[in-house]
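S.K.: my questions are about this predicted structure, shown below with the sequence.
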Amino acid sequence: MQEFIEKVNTLIEALPFIKDFRDKRVVIKYGGSAMVEEDLKTKIVQDIVFLKYIGMKPVVVHGGGNKISELMKKMGKKAVFIEGIRVTDKETMELTEMVLTGLINKDLVSLLNRNGALAVGLSGKDAMFIKTSKKKPAIGPDGKSIDYGFVGEIISIDTAPLIMLEEHGFIPVISPVGVGEDGETHNLNADTVAGHLAATLKAEKLVFLTDVRGILDNDKKLISSITEEEAEDLIKNNVITGGMIPKVRLAFYALNNGVNKVHIIDGSIEHSILLEFLTSAGIGTEIIKEKKIKT
């Protein structure tokens, strides 16, 4: 009997969080090892379905860079990156769209559906809801222009298709592919899509699932909560480095454009989303506009 009482107490402890987040939109950027390991995939999907059933409105944006690189390697095509951005020629764009929209997106939608949700997969080309422009060329060390190819930058996001799906009980699952003004397909960074989408939807939360615990300090200890000003200092002092910088920058963008909180969490931890959403401790780093002054 005691075991069942403890389970009920756990549910009761989550009640304030369930009340606070009911009817709130949350955008989840799904990436990292949680996309690869089957057991983790199932647990992440179960978390998302749980959020839906307790009244939240999840929107999922997924990546898939590793899968794209794997397929390119099998086809004898070398992946080229400049400043972390995949140079995307026409053939690479076709492979990218095939992997992101045709494989990963449908696999995730199917898994959500099998676990009790109603999910619908979209890319930015559907209803042209993510409009993009071609990314401007970079200037290389030799002073020559470097063309990124079919890499896009977001111009606008029309949330009407997502809201329509949401109103009918569906979870939108977004493949990071956009459409240009003349109909060309553009490859987009999934983190960027998640950040801009969360801002456009004025989401309550934006969550980045990664393979790291969150933002770490100089002693490699997890920082549980951080403001934009504090994060800027850590960037200047080379504490926040590498791929974490663009995530933090996107967090700033989201926070300054209508999102209440941003979380960076380790998706390799079982049920990481529920631990972050429904417990007082959380498991990752929460990025907020400003900290409340204790009185």
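M.R.: Looks like it came in fine.
S.K.: what is the one helix or strand residue 276 maps to packed up against?
M.R.: Using DSSP states H and E, residue 276 maps to helix 272-278. Judged by 3 or more C-beta pairs under 8 Å, 6 or more residues apart in numbering; DSSP states H and E, helix 272-278 is in contact with helix 2-21, helix 38-53, strand 205-210, strand 261-266. For the C-beta atoms, the positions are set from N, CA and C on the backbone; glycine is no exception.
S.K.: now do 10 Å
M.R.: Packing contacts for helix 272-278, counted by 3 or more C-beta pairs under 10 Å, 6 or more residues apart in numbering; DSSP states H and E, involve helix 2-21, strand 25-30, helix 38-53, strand 205-210, strand 261-266.
S.K.: please compute how far it lies from its chain's middle.
M.R.: 15 Å (C-alpha atoms, centre = their mean, to the nearest Å).
S.K.: how about the CA coordinates for the helix or strand where residue 68 lies, as CSV?
M.R.: Assigning secondary structure by DSSP H and E places residue 68 in helix 65-74. Extracted C-alpha coordinates of helix 65-74, given in CSV (Å, rounded to 0.1, in the frame of the first residue of the first chain):
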residue,chain,number,x,y,z
GLY,A,65,22.0,16.3,-39.1
ASN,A,66,23.7,13.1,-38.2
LYS,A,67,21.3,11.0,-40.3
ILE,A,68,21.8,13.3,-43.3
SER,A,69,25.6,13.0,-43.0
GLU,A,70,25.3,9.2,-42.7
LEU,A,71,23.2,9.0,-45.9
MET,A,72,25.6,11.3,-47.7
LYS,A,73,28.5,9.1,-46.7
LYS,A,74,26.8,6.0,-48.0
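S.K.: remind me which residues of this structure are low pLDDT?
M.R.: Filtered on pLDDT under 70, the chain yields the residue ranges 1-10, 140-141, 281-282, 291-295.
S.K.: the domain parsing of it - what is it?
M.R.: 57-201, 208-295 (automatic domain parsing).
S.K.: would you list those in JSON lines and tack on distance to residue 31?
M.R.: Formatted as JSON lines, these follow (distance: least, C-beta to C-beta, whole Å):
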{"stretch": "domain 57-201", "distance to residue 31": "4"}
{"stretch": "domain 208-295", "distance to residue 31": "6"}
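S.K.: quick check: what element follows the helix holding residue 276 along the chain?
M.R.: Next element after helix 272-278 (DSSP H and E): strand 285-288.
S.K.: list the neighbouring strands of that following strand plus their orientation.
M.R.: Strand 285-288 has the following sheet partners, assigned by DSSP bridges: strand 225-227 (parallel), strand 261-266 (antiparallel).
S.K.: just the ones you listed: most buried one?
M.R.: When the strands paired with strand 285-288 are scored by mean count of other C-beta atoms under 10 Å, the highest mean neighbour count falls to strand 261-266 (a mean of 24).
S.K.: break down the stretch 151-295 of the chain into its strands, ranges please.
M.R.: 152-157, 171-175, 177-179, 185-187, 205-210, 225-227, 261-266, 285-288 (DSSP state E, counting those that start in this stretch).
S.K.: closest to residue 48 out of those strands?
M.R.: strand 171-175 (6.9 Å; C-beta to C-beta).
S.K.: what's that closest one packed up against?
M.R.: Contacts defined by 3+ C-beta pairs under 10 Å, 6+ apart place strand 171-175 against strand 25-30, helix 38-53, strand 57-62, helix 105-114, strand 119-123, helix 160-167, helix 190-201.
S.K.: can you name every helix or strand that the longest one contacts?
M.R.: I take that to be helix 38-53. strand 25-30, strand 57-62, helix 105-114, strand 119-123, strand 171-175, strand 205-210, helix 272-278.
S.K.: and the angle for the second one with strand 205-210?
M.R.: Just to be clear, that refers to strand 57-62. Counting by axes from the mean of the first three to the mean of the last three C-alpha atoms, to 10 degrees, strand 57-62 lies at 30 degrees to strand 205-210.
S.K.: export strand 57-62 as CSV, just CAs?
M.R.: C-alpha atoms of strand 57-62 as CSV (Å, rounded to 0.1, in the frame of the first residue of the first chain):
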residue,chain,number,x,y,z
LYS,A,57,-0.1,22.3,-26.2
PRO,A,58,3.2,20.8,-27.4
VAL,A,59,4.8,21.6,-30.7
VAL,A,60,7.8,19.5,-31.7
VAL,A,61,10.7,20.7,-34.0
HIS,A,62,13.2,18.0,-34.9
